[in-house]
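Asks: Just a sequence and a predicted model for now, questions to come.
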Amino acid sequence: MSLRRLALASLVVVLAGCGGSSSSTGRKQLLVVVNAPFSRTPYLGQAIENGARLSASEVNASGLRIGDTTYDLKVQTMDSALSPARAVANVRRAAAEHAIAVVDEGTGIDASWRVARGMPICIVFEGSKESVDPATRPNVFRIAPTDHGIAFRLAEYLIPKGLKIGLVHDDSDYGVAGSAALNEAFSQNRSSIAVDETVPADALDLAPQILRARRAHATALLVWGQPATIAAAITAARTAGWNVPFFTPPSGADPFVRQQLANHPSWVDGLTFAGGRLTAEVGSGPFRRFEQRYEAAYGVDRVGVKTREGQTVIQPPETGMYAYDFVNLLAAAVLKAGSTDPVKISSALEEVTTEGANGDERAFNKHNHEGVVDDDVYFARFHDMTYAPVKDDPLSATLPTIPQTR
Amino acid sequence: MTYRLGPALAAVAAALALAMPAAAAHNAPLPSPLSPLSPTPPLGGGATSSAESVRHRVSAATQVHVSISPSGAPFAVTADQSLHVSVKGDYYFTIGAPLLDVEALPGSGATPGLRAASIIWEGFNPLRRTLKARATLDPAQVRGALPLRIDVSGDATTLVNETGVTVGSFSADADPAPLVRYMVELRHAVEGGGRTLPEATAHLTGAARTVPVRVTVPLLVTGTVGGKRVSATVTDRLTVHAHGRIAVSVTPELPALGALHGLSGRAALARATALTLTVGRLRQYERFLGNPDPTGPETTVYLYRSATRPAPPVAVQPASHGRDWTVTLAVLAGVLLAGAAGLTLWARA
């Protein structure tokens, strides 16, 4: 080995040592990796990164003191490109670089949890039931609404209305997982289902499938799929003059749906989606304060459409909020563990509670690694390109509307 | 006998001793019926609520199941708690306890979360919600907080009231009439399950001195001991001349008020003080796990049952796939002996 290689290897060993490198503050650094599809869905990846960085910057204001050492959190991004293999490789690399946690979009989690070697991974987007199981995957956590919670809340909301529901889901992983969750949620009330349609995720025209749902006498459509699928389903129904109400999971609030329907704003009116609540009973104050700090650091997320009065519509930083909350919990867990050992931090995550960006408590426990409980799923309805909580659901009726124009 | 001043009572006694001139008329607060007289029960610091702007009304009912060995020693304790929550809104309840496990009971509106030292309830109450959990408790840590001890010796089974505690209070001549009225009022409030319990101040007409007060909660014990029916209020101990299977239900209860007419001022003060302290102690045993609503009612019944202690799991000896070292040594010794014998024979040949 040449002298140069030896010197380089020595440097790598020093940098990769426990606690990582030193920051500009002279403190040791603890690595937190954001594993997200930056190249395939940049909006999502950026939102996760921003939320994690905002929390880290706030934690670093005073640092994390363990014994005689004060640590900073250092956020590093890795692009999964929506590829499970790449996501797993990223987590393997994070573990090799002594990261203390991974903030993850969710792709590849079925394999990546294992290569993490006990390091905590927190999913902040993907919601499938199997991803999180404290018994078999003790290092996997989630702060995002689960498919199970969304599906059961939709069933709870829709069945009493006496609607004949046309279920439409696309063949993406998201759509397939949603279909499974809906089937479970409606299993005791199959008479509420008029038709169950699977559509291609990349289809531009869903007219045949929507026509079948109409002929099955559906009086409502519940579309679970990518934003493009939801936009295509609405387009197909409205083009055919069918004014059926639409219900969706959180992807219905994705800016892409409104961008696709920007030429027909009235088609978006009435679209109702289920999602994780952005505010708590203390009001919108905590979330607004979080949003202001987020905007001050990273700017607003513009949807790309305007209201009828010409106001610019912006997207509240929901996914960023989940990443932010996890990094806050992580900091609390590091202090609770009194250690930078990722396995001890995983255990400590089950024992800490912090106030979330929305003013609600965020917490895990030994039996439940879900940071968003089913009760936190609310419903909101679009009007004039912005949405407001519905009034005919007990939880939603208590929630204030978040301003979405600038 | 232990002699210990509760923090609140110690302050009262100290204030009286320092501030009151001898024989001067003086008002002195009675001990609060809301003050606990020892750190436990409730277990683990009790229950708390951190629900945002909502003040939930919660009524709690708990059944503590105590499994006892043939000698009467508890070896397993579980607590089934039902929280009936009203008032629409978010809730986040923490029930402190030395936990081994927790699970939802049938009919629960949510699933409890498990932490090392607490149960977590989290969610949104649409109007009314019942939360039901079975907590498996660490018997070693819970034993000292149980109200009844059972000693089995020969043909006798003795039920011992363990709620007794000695605290410091004060004695003085006092105006009896307001104290008698207060006792009646407090008793009615407790019997009615009132959300608020009245507190009172005594008008002292003479010098006060600190005195120890023994406080015990009577226990209504019903059930069977060795097939013999038992139904008694145990204030100290009760010996049943029987042994065998035990199945008794224990309910802490408030003692009878007794006659209040003609009490002297000093006697009325002593009775009123004893009553407030006993109510405080009773509330402790009624709140074994605690209620996240500090003014909400809670009842606790303790069920003691003879049971068979589960056998500890036996580690399975892995099957041996070869000789152990003793066999190896024996074989080696045999080979050496055979070799030596062979050499001897060869040398003689």
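Replies: Alright, I've got the coordinates.
Asks: Just the buried residues of whatever helix or strand residue A:181 lives in, please?
Replies: Using DSSP states H and E, residue A:181 falls within helix A:173-185. Judged by neighbour count (16 or more other CB atoms under 10 Å in any protein chain shown), helix A:173-185 contains these buried residues: A:173, A:174, A:175, A:176, A:177, A:178, A:179, A:180, A:181, A:182, A:185. For glycine as for every other residue, the C-beta is placed from the backbone atoms N, C-alpha and C.
Asks: same deal with stretch A:85-101?
Replies: For stretch A:85-101, the neighbour count (16+ other CB under 10 Å) marks A:86-92, A:94-95, A:98-101 as buried.
Asks: Now do the strands in the stretch 101-250 of chain B.
Replies: Secondary structure of the stretch 101-250 of chain B (DSSP state E, counting those that start in this stretch): strands at B:113-115, B:118-125, B:128-137, B:148-153, B:156-161, B:165-171, B:201-204, B:209-215, B:219-225, B:228-234, B:237-240, B:246-252.
Asks: Dump the host helix or strand of residue B:93 to CSV, restricted to CA.
Replies: Using DSSP H and E, the element containing residue B:93 is strand B:89-96. Coordinates of the C-alpha atoms in strand B:89-96 are reproduced here as CSV (Å, rounded to 0.1, in the frame of the first residue of the first chain):
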residue,chain,number,x,y,z
GLY,B,89,-61.6,15.7,21.7
ASP,B,90,-58.0,14.5,21.7
TYR,B,91,-56.7,12.5,24.6
TYR,B,92,-53.2,11.5,25.6
PHE,B,93,-53.2,9.6,28.9
THR,B,94,-50.2,8.1,30.7
ILE,B,95,-50.9,5.5,33.4
GLY,B,96,-47.8,4.9,35.4
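Asks: what's the offset of it from the middle of its chain?
Replies: Distance of strand B:89-96 from its chain centroid, counting by CA atoms, centre = their mean, to the nearest Å, is 21 Å.
Asks: what's in contact with it?
Replies: The contact list for strand B:89-96 (CB atoms under 8 Å, 6 or more residues apart in numbering or on different chains) reads A:280-281, A:360-361, A:398, B:42-54, B:56, B:58, B:81, B:83, B:85, B:117-125, B:129, B:131, B:133, B:135, B:289-290, B:292.
Asks: For the stretch 101-250 of chain A, which segments count as helices?
Replies: According to DSSP state H, counting those that start in this stretch, the stretch 101-250 of chain A carries its helices in the segments A:109-115, A:147-158, A:173-185, A:207-215, A:227-239.
Asks: what's the average pLDDT for the last one?
Replies: Same thing as helix A:227-239. Helix A:227-239 carries an average pLDDT of 97.
Asks: Nearest the middle, which residue of chain B would you pick?
Replies: When CA atoms, centre = their mean is applied to chain B, the residue found nearest the centroid is residue B:145 (3.3 Å).
Asks: List the contacts of that residue.
Replies: B:40, B:41, B:43, B:288.
Asks: neighbours around the first one, how many?
Replies: Neighbours of residue B:40 under the rule other CB atoms under 10 Å in any protein chain shown: 17.
Asks: And the pLDDT at the residue nearest to it when sequence neighbours are not counted?
Replies: Nearest non-adjacent residue to residue B:40, counting by CB to CB, 6 or more residues apart in numbering or on different chains: residue B:145, 4.5 Å away. pLDDT recorded at residue B:145 is 97.
Asks: Run through the neighbouring helices and strands of the helix or strand hosting residue B:267.
Replies: Assigned by DSSP H and E, residue B:267 belongs to helix B:265-286. The contact analysis (3 or more CB pairs under 8 Å, 6 or more residues apart in numbering or on different chains; DSSP states H and E) places helix B:265-286 against strand B:165-171, helix B:176-191, strand B:201-204, strand B:209-215, strand B:246-252, strand B:298-306.
Asks: Fine by me, thanks again.
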